[in-house]
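Colleague: fold the following for me, if possible:
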Amino acid sequence: MTNEVLELLMHKDATLTEAALREYYLEDEDLKSLLDAERYSLFAGGKRIRPMLTLAFCRLFGGEDEAALPFACAVEMIHTYSLIHDDLPCMDNDDLRRGKPTNHKVFGEATALLAGDALLTGAFEVAASNTVVGAEISAKAVAFLASSAGRYGMIGGQIMDLEGENRKLTLDELLKLHSLKTGALISAAAVLGALAAGVSFTDRAMKDVVTYAENIGLAFQIVDDILDATGDSALLGKNTGVDAEHQKSTFLSFYSVEEARFYADRLTQTAMDAIRNYPDSDALCSLAEWLAGRNK
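Modeller: The predicted model follows:
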């Protein structure tokens, strides 16, 4: 699949996801500030990689978009909440996200905090209300998503990241940090897509799903580290040099830029090898390559 075709598919899936997300918002004048803050970040653009993974893995195993969309929306809501909270002064203290002022710069810290909280709790409501797949699969999806986003998943990675400021991490610590902070939610996106198509946790296919997701998740973070050090903030839509400013350990603490790119390419190849024998896996293989080669 060419990059042009892939990007058309990405745009289609992003549009599909955003339309579904808007359906979960009902106007309430008494809650206007909260709803505006949620939507400000939720609809601020972005690549929508995680919902695309959910939709793509559902399709890979013969499922319908309608079954995957609530899960795709839930994952994107959790991702957005994490960005709002990451940008807060008590965390990374960033003032730019996706080319726009961060949430707390527009709505204030308290409202931004609550907007993130509302997105997180709303995500589980959305996932649990997936009537297309039925109660049993919805319950499994919610449990897996909660685990992936919680103390032994994304939040666990975030605390390791915070505690790693001003202290040099070992490579093993860095790998664990990013497998949790970035990789866990990417894996959840893929797994929920497979669940929506009826794949069981005990099926061999689910192991292939996880192998793909874990490897692109780590490759994604390596490329992020490279872009933070070498990228253009105007193109990225966020400040660069943040890791160095916070004295964080990154993959460039252990590898040169060329070595890190080689590492990311090797992980990408492993990811593609896990799924390339499934019919119609072209989109997911192309996505893995596109992520490894992106410049924003």
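Colleague: by mean pLDDT, point me to the weakest helix or strand of this protein.
Modeller: Sorting the helices and strands of the chain by mean pLDDT, DSSP states H and E puts helix 233-236 at the bottom, at a mean of 58.
Colleague: C-terminal to the helix or strand harbouring Ala67, what's the next element?
Modeller: In the assignment (DSSP states H and E), Ala67 maps to helix 65-87. Sequence-wise, the next helix or strand downstream of helix 65-87 (DSSP H and E) is strand 96-97.
Colleague: given that following strand, what are its sheet partners and their directions?
Modeller: strand 100-101 (antiparallel) (DSSP bridges).
Colleague: mean confidence for the strand it pairs with?
Modeller: Model confidence over strand 100-101 averages 95 on the pLDDT scale.
Colleague: my guess is Thr182 contacts Gly217, does it?
Modeller: Yes. Judged on Cβ atoms under 8 Å, Thr182 makes contact with Gly217 at a distance of 5.5 Å. All C-beta spots, glycine's among them, are computed from the backbone N, C-alpha and C.
Colleague: who has more neighbours out of these two?
Modeller: Taking other Cβ atoms under 10 Å, Thr182 and Gly217 do not tie; Gly217 has more neighbours (26 against 20).
Colleague: state the pLDDT value of the nearest residue to the more buried one once chain neighbours are set aside.
Modeller: Spatial nearest neighbour of Gly217, excluding adjacent residues (Cβ to Cβ, 6 or more residues apart in numbering): Gly183 at 3.3 Å. Here the pLDDT value assigned to Gly183 is 95.
Colleague: got a list of what Gly183 touches?
Modeller: Ala213, Glu214, Gly217, Leu218, Gln221 (Cβ atoms under 8 Å, 6 or more residues apart in numbering).
Colleague: one more: Trp290?
Modeller: With Cβ under 8 Å, 6+ apart, Trp290 has these contacts: Asn3, Leu6, Glu7.
Colleague: which of these has the most neighbours?
Modeller: Leu6 (18 neighbours).
Colleague: Ala128 against Lys140, yeah?
Modeller: No. In this structure, Ala128 is not within contact of Lys140 by Cβ under 8 Å, at 10.9 Å.
Colleague: report the buried residues of stretch 14-23.
Modeller: Ala14, Leu16, Thr17, Glu18, Ala20, Leu21 (16 or more other Cβ atoms under 10 Å).
Colleague: likewise for stretch 65-83?
Modeller: Across stretch 65-83, burial judged by 16+ other Cβ under 10 Å covers 65, 67-83.
Colleague: per-residue pLDDT, the closest residue to Gly150 other than its chain neighbours?
Modeller: Closest residue in space to Gly150, ignoring its immediate chain neighbours: Gly156 at 7.5 Å, by Cβ to Cβ, 6+ apart. Gly156 carries a pLDDT value of 97.
Colleague: the helix or strand containing Gly156 - contacts with which helices or strands?
Modeller: Here Gly156 sits within helix 154-163, counting by DSSP H and E. Contact analysis of helix 154-163 by 3 or more Cβ pairs under 8 Å, 6 or more residues apart in numbering; DSSP states H and E lists helix 65-87, helix 171-181, helix 183-196 as its packing neighbours.
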